[in-house]
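Undergrad: Generate coordinates for the sequence data below:
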Amino acid sequence: MIIEKRTYTLLPGMMPAFLALYEAEGLALHTKYLPLLGYFTSDIGPLNQVITLWGYDSMAQREELRTQLYADPAWIAFGPKTTHFIQKMESAILKPTSWSPIR
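TA: Numbers count the residues shown, from 1 in each chain. Below you'll find the model as predicted:
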């Protein structure tokens, strides 16, 4: 298994509106294609961040599922609704150790 960690740094004050929009319109679209492991907001340390964890069996599966998501007309229409909230986006691929509870 691989874990994709995505971190979105939002503009100050935008968290409530972003989360409301995502929950209402984006979550069902996202999870129709991608296996969500967790959705978090920052509380201590860097603030105004949304952190998502997505789990895949392989990089090939990740690519296949993201290709399907990005081809969905509903997702294409949703994406531009979020851009004015986001200041910075980061993505990292995490590989669990043999003793990790998530493998």
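Undergrad: what distance separates the longest helix seen in the chain from the centre of its chain?
TA: Across the chain, the helix with the greatest residue count (assigned by DSSP state H) is helix 59-71. From the chain centre to the centre of helix 59-71 is a distance of 13 Å (CA atoms, centre = their mean, to the nearest Å).
Undergrad: and after it, which helix or strand comes next?
TA: Sequence order places helix 73-78 as the next helix or strand after helix 59-71, per DSSP states H and E.
Undergrad: pLDDT averaged over that following helix - what is it?
TA: The pLDDT scores in helix 73-78 average 97.
Undergrad: Whichever helix or strand comes after it pairs with which strands, parallel or anti?
TA: Next along the chain after helix 73-78, taking DSSP H and E as the criterion, comes strand 86-94. Here strand 86-94 is paired, per DSSP bridges, with strand 2-10 (antiparallel).
Undergrad: Identify each buried residue in the strand it pairs with, please.
TA: Buried residues in strand 2-10, defined by neighbour count with 16 or more other CB atoms under 10 Å: 3-5, 7-10. C-beta here means a position set from N, CA and C on the backbone, and glycine is covered the same way.
Undergrad: Check the residues you listed against residue 34 and report the nearest one.
TA: Closest approach to residue 34 among the buried residues of strand 2-10 (CB to CB): residue 4, at 8.6 Å.
Undergrad: who touches that closest one in this structure?
TA: Residues in contact with residue 4 (CB atoms under 8 Å, 6 or more residues apart in numbering) are 53-56, 62, 91-94.
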